[in-house]
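In: Could you look at this predicted model? Sequence included:
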Amino acid sequence: MKKFGRVLVLSASAGAGHVRAAQAVEKAFRELDAAAEVRHVDTLDYTNKVFRHLYAKAYLDMVQSAPTALGWLYDRLDQPWQNERRRLALDRLNTRPFVKLLKEYRPDITVCTHFLPAEIISWLKAKERLTNPQAIIVTDFDVHAMWLCHHYEQYFVALEETRVHMEQLGIPAGKITVSGIPIDPVFAQPKDKREMRAKHGLAQECVTLLISAGGFGVGSVEHIIEALGALRHAAQVIAVCGRNEELRAQLERKTEGRAAGDRVALKVLGYTTEMDELMAASDILLGKPGGLTTSEALARGLVLVVVNPIPGQEERNSDHLLEEGVALRCNNLPALAYKLDRLLADPARFAAMQANVRRFARPRAAFEIVDKLLALPRTG
C-alpha cells in the first residue's frame, strides 16, 4: 500500500456538511497514514471577499427566504456537462489565491468534499499544471451535475444507484467507489444506549427523540416541539440548539411550565461536541435530511423522521431514505404526533426500520475512502 507525503483535503463552507466530511477524511488519514502531512483547507478562504460572501451566504439565504426558488434553481442547473465553461470562467476569476496555494503546496493528492475545488483542480490537470491524483467525495445521496468533472482519479458516492447514474453519464466504472458519506470516525465506535442515557440524565425506559436546530429557523423548532406535545406515547425530546442562544432561551422557558409527570419531557441543550453520544442515547432523529447528519444518525442506529425537506438535494436525499425504509416524512406538522404514534404503536414495523438502518448505515465510510486512496497508483 503506497503512502502520500502531502495530503490536501479541500472543502467549502457553503453549509457545514462539506466541512465536516473533510474533517472526517482528515481524521481517518491521520489514523491510517500517520507519516503523511494532512492539511484541510476551506477553499473559500482562498477566494476574494465578495465571492466568498456570496458563495457561502446565498444558499443559506435562499433556504430561509425562497426555498421554492432554490429547488427550481437546483433542478435547472442539474444538466450534466452543460454550462461548464461559464461556471468555470467565473470560478477561475475568483479563485486565483487558491490556484496559487495549489502551486506552492504541491500536494501528492487532493481530496475534495465540494465541487468548487474539484472543478478548479480538474481544469489545472487538463492544462497539465497539476499532475497529482484528485479524489472527489459526493456528500449527498444523489449526485448533481455540478459534481461532474473531466479530470480525476476517483469518485466516492453514497449509493449503488448513484454509481449506476454516474456510469450512465460517462464516468468509468473503475473510477467510482460506493463508500457512503464520510463521517467522523467517532461514529464508528460502539456506545451503549443505557450508559449514554445515564450520562446525559435521560430516562432509561422511554422513547427518545433528538432534534437538532441545524437547518431550522427558530420558529420551525418551536413548532415541532409544540406538535410533539400531542403524542399519546410517552417520550423524551432532546433539542440541541447549537450556538442559537435565542432559541435555547425560548425553549427553556417552555420547559419551566411543564409538570414532572408530563407525557412528553423536554431537555434543551446549547452547543455540544457530544452529538455522537446524544445520538447513541436516542431512538429517532427529527430533522432535515442533510447528507452528513443523516449518515451520522444512521451510523448510530436512528430511524429518521424527515420534516419539511428543502427542495433540491434534501428532497432527493429524502426520497432515497424513504425507499430504503429507514425514514418517515412529515410535510404537515399538525400530523407529526399522529405519524409517530402510528410507528410507536407498531413494534414490528419499528424493528424492521431499525434493521433497515443497520443494513444501510456506513459508519466506517471515511476509513473505506482513505484505504482506497492509499491503494491508488501514484501519478505525481
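Out: That came in fine, so what should we check first?
In: Show me the domain layout of the protein.
Out: Here the domain parsing of the chain from automatic domain parsing is 6-183+364-374, 186-360.
In: any chance of these in JSON lines, with mean neighbour count and mean pLDDT too?
Out: Heads up, the C-betas are built off the backbone N, CA and C, glycines and all. JSON lines is the format used below for the domains of the chain (neighbours: other CB atoms under 10 Å; pLDDT from 0 to 100):
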{"stretch": "domain 6-183+364-374", "mean neighbour count": "19", "mean pLDDT": "91"}
{"stretch": "domain 186-360", "mean neighbour count": "18", "mean pLDDT": "90"}
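In: mind listing the strands for the protein?
Out: 6-11, 37-42, 109-112, 134-137, 154-157, 176-178, 207-212, 235-240, 264-269, 284-287, 303-307, 327-330 (DSSP state E).
In: Paired strands for the second one, with orientation please.
Out: Using DSSP bridges, the strands paired with strand 37-42 are strand 6-11 (parallel).
In: what's the answer for the last one, then?
Out: Using DSSP bridges, the neighbouring strands of strand 327-330 in the sheet come out as strand 303-307 (parallel).
In: Need the residues that contact the partner strand.
Out: Strand 303-307 is contacted by residues 220, 224, 283-289, 294, 297-298, 318, 321-322, 326-330, 333, 336, 339-340, 343, 350, 353-354, 357 when judged by CB atoms under 8 Å, 6 or more residues apart in numbering.
In: so who does the nearest residue to Leu60 once chain neighbours are set aside touch?
Out: With sequence-adjacent residues excluded and distances taken as CB to CB, 6 or more residues apart in numbering, Leu60 is closest to Gly15, at 7.4 Å. Gly15 sits next to Tyr59, Leu60, Gly290 when contact means CB under 8 Å, 6+ apart.
In: for Ile284, same thing?
Out: Val207, Thr208, Leu209, Leu210, Leu302, Val303, Leu304, Val305, Leu340.
In: try 7 Å
Out: Leu209, Leu302, Val303, Val305 (CB atoms under 7 Å, 6 or more residues apart in numbering).
In: Surely Ala24 and Gly180 touch.
Out: No: with contact defined as CB atoms under 7 Å, Ala24 does not count as touching Gly180 (10.7 Å).
In: Mind putting the contacts of Gly15 into CSV with distance to Pro172?
Out: Listed next are the contacts of Gly15 as CSV, based on distance: CB to CB, whole Å:
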residue, distance to Pro172
Tyr59, 31
Leu60, 35
Gly290, 29
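In: Contacts made by stretch 187-202 with the rest, please.
Out: Residues from elsewhere that reach stretch 187-202 (CB under 7 Å, 6+ apart): 204, 208, 236, 267, 276-278, 280-281, 296, 299-300, 363-364.
In: Now the residues you listed in JSON lines, please, with extra columns for distance to Lys100.
Out: Shown next, in JSON lines, are the contacts of stretch 187-202 (distance: CB to CB, whole Å):
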{"residue": "Gln204", "distance to Lys100": "56"}
{"residue": "Thr208", "distance to Lys100": "49"}
{"residue": "Gln236", "distance to Lys100": "52"}
{"residue": "Lys267", "distance to Lys100": "48"}
{"residue": "Asp276", "distance to Lys100": "37"}
{"residue": "Glu277", "distance to Lys100": "41"}
{"residue": "Leu278", "distance to Lys100": "42"}
{"residue": "Ala280", "distance to Lys100": "43"}
{"residue": "Ala281", "distance to Lys100": "46"}
{"residue": "Glu296", "distance to Lys100": "35"}
{"residue": "Ala299", "distance to Lys100": "38"}
{"residue": "Arg300", "distance to Lys100": "41"}
{"residue": "Pro363", "distance to Lys100": "38"}
{"residue": "Arg364", "distance to Lys100": "36"}
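In: Of those residues, which is the nearest to Arg248?
Out: The nearest member of the contacts of stretch 187-202 to Arg248, counting by CB to CB, is Lys267 at 11.6 Å.
In: Could you give the bridge partners of that closest one?
Out: When assigned by DSSP bridges, Lys267 has beta-bridge partners Ile238.
In: dump the residue contacts of the residue nearest to Arg362 when sequence neighbours are not counted.
Out: Nearest residue to Arg362 in three dimensions, chain neighbours excluded: Gly180, at 2.5 Å (CB to CB, 6+ apart). Applying CB under 7 Å, 6+ apart to Gly180 gives the contacts Ala158, Ser295, Arg362, Ala365.
In: and Gly180, backbone torsions?
Out: Backbone geometry at Gly180, expressed as degrees, to the nearest 10, gives phi 90, psi 170.
In: for Thr272, same thing?
Out: Torsion angles, degrees, to the nearest 10, at Thr272: phi -140, psi 150.
In: roughly how far apart are the residue nearest to Leu60 and Thr113?
Out: Distance of Gly15 to Thr113, given as CB to CB, to the nearest Å: 11 Å.
In: just Pro107 next, same as before
Out: 15 Å.
In: Equivalent analysis for Leu231, please.
Out: 37 Å.
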